[in-house]
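Trainee: predicted model and sequence follow; I will ask about them next.
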Amino acid sequence: MRAFGANTWLGSAAAIALTPVVAMADTASAPLDASSVQEIVVTAQKLDVARATIEPSLGATTYSLSDQLVQTLPGGENTALNQVLLQAPGVVQDSFGQLHIRGDHANIQYRINNVILPEGLSNFGQVLSPRLAGNIELITGAVPAQYGITTAGIVNVTTKSGLYAPGGEVSLYGGSHGEIEPSFEYGGSSGATNYFVSGSYLHNTLGIESPDGSADPLHDKTDQIQGFAYVDHIIDTQSRVSFMFGTSDESFQIPNRRGLDASDPDGLGLTVLGQTSFPSEALNERQRENTQFGALSYLHTTDRTTLQVSLYSRYSTLTFRPGADAGDLLFNGISQYAAKTDWTTGLQVEGVYNLTPTHTLRGGVILQTDRSTSDTTSEVLPIDGAGAQTSDVPLTIFDNTRKTEFVGSVYLQDEWKPFDTVTVNYGVRFDQANAYRNENQVSPRVNVVWKPLEGTTLHAGYARYFTPPPFELVASETIAKFAGTTAAPEVTQDDLPRSETDNYYDVGAQQKIGAFTFGIDGYLRDAKNLIDEGQFGAPIILTPFNYAVGRIRGADFTATYDRGPFSAWANFSWVQAQGEHIVSSQFNFAQDDLDYITTHFIFLDHNETFSASGGGSWKFDGLKLSTDFIAGSGLRRDLVLPDGSSIPNGGHVPGYVQVNLSADYHFAGGALGPLDVRFDVINVGDAKYEIRDGTGVGVGAPQFGPRRGFFAGVTKSF
C-alpha cells in the first residue's frame, strides 16, 4: 500500500486513471451477465483515462494523497480536508482552518473530477469532505495553461465510484471536546449507471481555534452537516454524462477570551445607554456558512479526440450575528450584522486532440459569472473631531451593495515529444476579468521534463499568472457613512483591489532508489499587485488588499518509503514571502504601518519560513498503527522595538511540533465483520502553541493549536 505519492511531473493517463480490482459479482444490481458487466467496467475505465488526458499536470509538481493515505491518518475520513492537505509539502496551517501554499495567502482552486468548483463564502468550514474522495491531488509550481485565475495550488478530487467499489459503510466517531460525528457512504451501479453518496454530521465544542490556548475554549460550539452525491451514466463506448451535487450547512460560535472587561484601562472607554462595563465571557457572536454546488458534465472520446463540456454552479451564504446586547459595541466601537450571498455559474469546455505521435494539442474555454450581495446593519456611537464620544445612544447605519463579475478564459497548448526521454509542454492563456475593475492578460506557459536515466526525472518551467482579487470578499462598506462615529477609520483612502500578475519559475528533480523516492523543487515568483487578505473588523470575513510588488522564494524537499507492510513520508519546506507598499483597501490599516510598508519590504503575515510534515504506517494482519506530524517555525507577528515602535510582521510566534497517533483494527469476518475500530490521539504531547498572537498585518485575534484529544470510532461495512 503506497501511503503517499511523491512528486510526479510527467503525467500519464495510465498513471492517474482508476485501475481498481473489480468484484464482478457485486458490480450491478440489475440482472446482467458477466460479459455485460465486464464491458461496462472496461468502458468506464476507458472514459476515466480519456477524462484524465484532457488535463494532465505536465511539468507541474503533483502530490497525490490517496484514500489509503487518508485512512492511515489519525482520524481517517473524519479528518477535515485542510488537515489532510497539511501532509503535502509547502502547505502551512493558519487560523480559521486556512491553508497557505508556497507563500500564497489563499489562491487555491478546487476541482472535482476536473470540474471547477468556484470560490465561495465559506471561511471556517470545509465544504468538501475526504470521505467522498478516491484520490486527492495537489498540483502546484509552474502549472500548464489549463489552470488559471487561482494558481497557488490546484486541489483536484477524484470521487469514489460505486461501479468499482460497490457497497457502503456507516460510522460513528467522537471523543474529546464533546465531539460526535455519525457518517455514511454508499455506492453501487445499475446497468450502465453508477452512483455514490455520502453524508455526515459533526458537533463539538472546538469549532474555531482557541483564543487563549485552553483545552476547553469558551463559547466555541459548532454544528456541521455535509452531503455529496455523484451519478454517471455510460451512454455508449464513447460517451458518458455525469452529475454531482454537494451541500454543507455549518454554524459556529465565535470563541471568547476570558478575564477581559470593556471598562478595562486599555479598552475603548465607551458608554452605551449608561453602560460601561461588560465581561468578555458574555459575548455571543455567531457565524453561519451555507453552500450548495452542482455540475453537469458530458464526455465524448474517439481514437484521436476527447471533449468534456461542464456546466457548474455554486451558491453560498455567510451570516455574522453579534450578541443582542451592548458587548460588541463597547469592546469594538461597532456592532455589526452582516449577511453576504454569492452565486457563481460557469461553463467549462475542454478537449484534447492527438495531432501526431509527437504532438498532442489541448485547449479550452471557461466562462463564469458571479453575483454578490452584501447587507450590513451597524450600530456605532457618535464622536467629535477629537475622537470624544458625544452621545451614548447608538446610531444605526445601513450599507447594502450588489455587484456582478464576469470572467472569461481561453487557452491552447501543445505537448511535444522531440525525443523519447524529453517532453515539452508549451501554451498560452488569455484571461479577462470585469468586476470592480476591467483587467486582462495574455499568459505564456512552458515546461520541459527530461528523464535521462531510469528512475531520474528533471524538470523546469515558467508560467505567467493572472489572478483577480477574490470577488466575493472585496469590501463593500461605504467609508463616508461612518465618518464622525466610533467606526470611522484612521485612513480614508480606499483604492479598489487590483488583479495580481506574476512571473513564476520552477525547477526540480526526482530520484527513485529502490523503495525510496526523493524529490527537490525550487521556485521563484515575482509579483505585481500581490494579493493578500486580512481579517478587519468584528465579522470574521477576510478582505483582500494589494502590495504594489511582491517577491516569493522557496524550496520543497520530499522523501517517501514504501515496502511491504511499512510506508513512510517526510516533507520539509523553506519559503520567504515579502511585499512592499499597500496600494488598495488602505482604510483597513493604521497610518504608521502604511508609511513603513511604503518604503520597506515586509514579510507577509502568513509567511512561515520553515515547515515540515510527515508520518508512517505499519500493518500486521488486521492491525494498522500509524503516526503523522506537522511542524513549523511560526507565522509572523509584529516586532516591538525598544523605543516602543514596531515593525509590521517583523517577528514570528514560537515554533511548534504537533504529533498524532492512530491504531485501527479490522475485523474481517465472524459475527462482527466486516468492522473497523480505531483509536486516535491528536497532539499526543499536549503541545500548547500559538498559531497567531493577535498582532501582524490583517490579524484580528490570537489563536492556538488544538490541545491533546482522545477519539474513537467504529465503522461497519456492508
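Mentor: Noted; the coordinates are in hand.
Trainee: what count of nearby residues applies to Ser57?
Mentor: 25 (other C-beta atoms under 10 Å). Placement of C-beta: from N, CA and C, glycine included.
Trainee: and if you look at Thr396?
Mentor: Using other C-beta under 10 Å, Thr396 has 9 neighbouring residues.
Trainee: cool, and the one 4 residues further on?
Mentor: In terms of burial, Asn400 registers 12 neighbours under the definition other C-beta under 10 Å.
Trainee: so who does it touch?
Mentor: Shown in contact with Asn400 (C-beta atoms under 8 Å, 6 or more residues apart in numbering): Thr373, Ser374, Asp375, Thr376.
Trainee: between the residues you listed, which is nearest Pro382?
Mentor: Nearest to Pro382 among the contacts of Asn400 is Thr376, at 18.5 Å by C-beta to C-beta.
Trainee: any idea how far Val583 is from the closest one?
Mentor: 25 Å (C-beta to C-beta, to the nearest Å).
Trainee: go on, Leu361?
Mentor: 39 Å.
Trainee: please apply the same query to Pro702.
Mentor: Taking C-beta to C-beta, one finds Pro702 at 29 Å from Val583.
Trainee: looking at this protein, which helix or strand is least sure?
Mentor: Of all helical and strand segments in the chain, the minimum by mean pLDDT, DSSP states H and E falls on helix 13-16, at a mean of 27.
Trainee: ok now the helix or strand that that one is followed by, how far from the chain's centre?
Mentor: Sequence order places helix 34-54 as the next helix or strand after helix 13-16, per DSSP states H and E. Between the centre of helix 34-54 and the centre of its chain there are 31 Å (C-alpha atoms, centre = their mean, to the nearest Å).
Trainee: report the beta-bridge partner residues of the nearest residue to Gly698 once chain neighbours are set aside.
Mentor: Closest residue in space to Gly698, ignoring its immediate chain neighbours: Gly534 at 1.9 Å, by C-beta to C-beta, 6 or more residues apart in numbering. Residues in a beta bridge with Gly534, per DSSP bridges, are Thr543.
Trainee: how much space between Gly534 and Gly650?
Mentor: With C-beta to C-beta as the criterion, Gly534 and Gly650 are 17 Å apart.
Trainee: got the phi/psi numbers for the closest residue in space to Phe536 that isn't next to it in sequence?
Mentor: Excluding its sequence neighbours, the residue lying closest to Phe536 (C-beta to C-beta, 6+ apart) is Asn588, at 4.3 Å. As for Asn588, its main-chain torsions (degrees, to the nearest 10) stand at phi -80, psi -10.
Trainee: begin at 36 from now on, thanks
Mentor: Okay, using 36 as the starting number, the last item reads as Asn623.
Trainee: number of residues surrounding Asn623?
Mentor: The burial count assigned to Asn623 is 22, neighbours taken as other C-beta under 10 Å.
Trainee: what sits against it?
Mentor: Each residue near Asn623 by C-beta under 8 Å, 6+ apart is listed here: Ala510, Pro524, Gly569, Phe571, Thr578, Phe580, Gly733.
Trainee: 10 Å - rerun?
Mentor: Taking C-beta atoms under 10 Å, 6 or more residues apart in numbering, we find Asn623 in contact with 510, 524-526, 529, 569-572, 578, 580, 617, 629, 732-733.
Trainee: low-scoring pLDDT stretches of the stretch 336-485 of the chain, where are they?
Mentor: Residues of the stretch 336-485 of the chain meeting the criterion pLDDT under 70: none.
Trainee: just the strands from it, written as ranges.
Mentor: 340-356, 370-391, 394-415, 430-454, 457-469, 473-485 (DSSP state E, counting those that start in this stretch).
Trainee: okay, now the sheet partners of the fourth one, with direction.
Mentor: What that stands for is strand 430-454. strand 394-415 (antiparallel), strand 457-469 (antiparallel).
Trainee: pLDDT value on the closest residue to Leu295 other than its chain neighbours, please?
Mentor: Excluding its sequence neighbours, the residue lying closest to Leu295 (C-beta to C-beta, 6+ apart) is Ser315, at 3.8 Å. Ser315 is assigned 94 on the pLDDT scale.
Trainee: what is the neighbour count of Ser315?
Mentor: Applying other C-beta under 10 Å, I find that Ser315 has 18 neighbouring residues.
Trainee: what about it, distance to Arg293?
Mentor: 7 Å.
Trainee: got any residues that touch both of those two?
Mentor: Pro246, Leu253.
Trainee: wait, Gln403 touches Trp378, no?
Mentor: No: counting by C-beta atoms under 10 Å, Gln403 stays clear of Trp378, with 11.3 Å between them.
Trainee: list residues touching both of the two?
Mentor: Taking C-beta under 10 Å, 6+ apart as the contact rule, Gln403 and Trp378 both touch Pro153, Ser348.
Trainee: name the nearest residue to Glu725, ignoring sequence neighbours.
Mentor: Leaving aside its sequence neighbours, Glu725 sits nearest to Val688 (C-beta to C-beta, 6+ apart; 4.4 Å).
Trainee: what of Gly329?
Mentor: Nearest non-adjacent residue to Gly329, counting by C-beta to C-beta, 6+ apart: Phe280, 4.5 Å away.
Trainee: hey, C-alpha coordinates of the one helix or strand the one you found maps to in PDB?
Mentor: Taking DSSP H and E as the criterion, Phe280 maps to strand 274-288. Provided in PDB are the C-alpha atoms of strand 274-288 (Å, rounded to 0.1, in the frame of the first residue of the first chain):
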ATOM      1  CA  SER A 274     -19.800   8.900 -24.200                       C
ATOM      2  CA  ARG A 275     -20.800   9.500 -20.600                       C
ATOM      3  CA  VAL A 276     -22.900  12.000 -18.800                       C
ATOM      4  CA  SER A 277     -22.400  12.700 -15.100                       C
ATOM      5  CA  PHE A 278     -23.900  14.900 -12.400                       C
ATOM      6  CA  MET A 279     -22.700  15.900  -8.900                       C
ATOM      7  CA  PHE A 280     -24.300  17.800  -6.100                       C
ATOM      8  CA  GLY A 281     -22.900  18.900  -2.700                       C
ATOM      9  CA  THR A 282     -24.200  20.800   0.300                       C
ATOM     10  CA  SER A 283     -22.800  22.000   3.600                       C
ATOM     11  CA  ASP A 284     -24.500  23.900   6.400                       C
ATOM     12  CA  GLU A 285     -22.200  24.900   9.200                       C
ATOM     13  CA  SER A 286     -22.800  27.100  12.300                       C
ATOM     14  CA  PHE A 287     -20.100  28.400  14.600                       C
ATOM     15  CA  GLN A 288     -20.000  30.300  17.900                       C
END
